[in-house]
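Have a look at this prediction, sequence included:
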Amino acid sequence: MKVLVLNAGYEPLHTVSVPHAIRMLVRHVAEIHEAEDGLAYGLFPRPKIVRLLRYVVMKWRYTQPPRWSRRGVLTRDGHRCAYCGARATTIDHVIPLSRGGERTSWLNTVAACGGMARSCNARKGDRLPAEAGMKLRFTPRVPTWDELHRLSA
């Protein structure tokens, strides 16, 4: 279970584990903004959202886009396959690596259904979508920080 961390001005920063959030409360770095009803973690109610007591300047967050990650791609695409719309469990490189596609590019990766012989990831294989007779349901893009946090919460 993850706990959303808000800046002192209520902007979402990131998520942390429940034990990490409890440590923040013990050190008086944060306060509980929202807790789970009836659930406790030691002496504290189990937090869902904590808010920092001091404002953290996040200039870097607005000067650089989020770093690429598999989890980020799945989050950006709502865990839906970019080809068929089914539940996505893996990622696909739109331009295959063997054809010069970038491995860790937001613009070259999309969420895809996988794990079965008839999945979109297996069907597309080492080809371009047009060569495999498949169409992307949306164009890959670089997500914003706020979008990744809003979607993962």
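Yep, that arrived.

Name the residues of the top strand by length along the chain that are buried.
Looking only at the chain and at elements set by DSSP state E, the strand with the highest residue count is strand 30-41. Within strand 30-41, the residues that qualify as buried by neighbour count (16 or more other Cβ atoms under 10 Å) are 30, 32, 33, 35. Bear in mind the C-beta positions are built from the backbone N, C-alpha and C, glycine included.

report the angle between the axes of the helix or strand following that strand and strand 30-41?
For strand 30-41, the succeeding helix or strand toward the C-terminus, using DSSP states H and E, is strand 44-52. The directions of strand 44-52 and strand 30-41 differ by 160 degrees, with axes from the mean of the first three to the mean of the last three Cα atoms, to 10 degrees as the criterion.

which one of the buried residues of strand 30-41 is nearest residue 64?
Residue 64 lies nearest to residue 30 out of those, by Cβ to Cβ, at 24.8 Å.

shouldn't the closest one be in contact with residue 49?
No - checked against Cβ atoms under 8 Å, the pair residue 30 and residue 49 is beyond contact range at 9.8 Å.

shared neighbours of the two, which are they?
Common neighbours of residue 30 and residue 49, counting by Cβ atoms under 8 Å, 6 or more residues apart in numbering, are residue 5.

rewinding a little: could the buried residues of strand 30-41 be laid out in JSON lines, adding distance to residue 18 and pLDDT?
Converted to JSON lines, these look like this (distance: Cβ to Cβ, whole Å; pLDDT from 0 to 100):
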{"residue": "30", "distance to residue 18": "13", "pLDDT": "98"}
{"residue": "32", "distance to residue 18": "12", "pLDDT": "96"}
{"residue": "33", "distance to residue 18": "14", "pLDDT": "96"}
{"residue": "35", "distance to residue 18": "11", "pLDDT": "95"}
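
Kind regards, and thank you for your time.
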